[in-house]
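Trainee: next input, structure requested:
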Amino acid sequence: MAFDMAGRLTSPEEMPPLEPLSEANSQYEFPSVSPPSPPLSRTSPRPVAQSVSKQQPDREMGHLMTDLTGPLMKFSLVLENKGNVARDHLASERTYLAYVRTSLATASAGVALVQLFTLAPQGGAIDLTKFAKPLGATIVLFGLVILVLGVIRYFTTQSALVRGYFPVARNSITAIAFFLGSLVGIVFGVILAGTRS
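Mentor: Residues are numbered from 1 along each chain as shown. This is a model prediction of the structure:
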């Protein structure tokens, strides 16, 4: 079943035929691609005729890369790129990098807050320097928590995508927003209380 332009439910027989995106007798011809030749194994001797070939440096580089990355490849995940596999996993990596960026910004804000309260002129009703280190340390610690949440989220999403699922991150996003809002409110309150005479 499908819907027409007015939103009414229609059967497939009532739907208009689809037009092709391009004509079958197109002027453009796609270049033929020959399948790559299988790599030579290390135990088989190299053919003599290949000594001046262009492919020899590539194969030697391939063996070198295999030797260098062999131990690391045990821990990596290699998937066949069907459909949206690469796009989904790259989006997951970008999300992880956003968590890293947020944690670095939060930790930097904690350090800046300590410097701001330390360098602020003293003369208000409240001494801001006694709040500087606890608030700054709390905000830097919160930046580390965001980084840990990002790592957990990345690996959870990666394992779910392999199985064909996607976990929605409602709880962690809500907790981060609530905690960050609370910290901003506390800092704002301390600054307001420090400016009163």
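
Trainee: can you give me the strands in the chain?
Mentor: 2-3, 9-10 (DSSP state E).

Trainee: and for residue 146, nearest residue in space, chain neighbours not counted?
Mentor: residue 103 (4.1 Å; CB to CB, 6 or more residues apart in numbering). Bear in mind the C-beta positions are built from the backbone N, C-alpha and C, glycine included.

Trainee: and that neighbour, what is it in contact with?
Mentor: Neighbour list for residue 103: 143-144, 146-147, 150 [criterion: CB atoms under 8 Å, 6 or more residues apart in numbering].

Trainee: identify, from the residues you listed, the entry nearest to residue 127.
Mentor: For the contacts of residue 103, the closest approach to residue 127 (CB to CB) belongs to residue 143, at 25.6 Å.

Trainee: my read: the closest one touches residue 110, true?
Mentor: Yes. Counting by CB atoms under 8 Å, residue 110 is a contact partner of residue 143 at 6.5 Å.

Trainee: so what's the closest residue to residue 89 other than its chain neighbours up against?
Mentor: Among residues not flanking residue 89 along the chain, residue 161 sits closest, at 6.3 Å (CB to CB, 6+ apart). By CB under 8 Å, 6+ apart, the residues touching residue 161 are 85, 88-89, 92.

Trainee: and the gap between residue 161 and residue 167?
Mentor: 9 Å (CB to CB, to the nearest Å).

Trainee: low pLDDT regions in the protein?
Mentor: Counting by pLDDT under 70, the chain shows low-confidence ranges at 1-59, 61-77, 120-126, 196-197.

Trainee: give me the neighbour count for residue 146.
Mentor: Other residues near residue 146 number 22, with proximity taken as other CB atoms under 10 Å.

Trainee: are any of the contacts of residue 103 buried, and which?
Mentor: Among the contacts of residue 103, those classed as buried by 16 or more other CB atoms under 10 Å are 143, 146-147, 150.

Trainee: distance to residue 194 for the residues you listed - can I get that in CSV?
Mentor: Below are the buried ones among the contacts of residue 103 laid out as CSV (distance: CB to CB, whole Å):
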residue, distance to residue 194
143, 24
146, 27
147, 30
150, 33
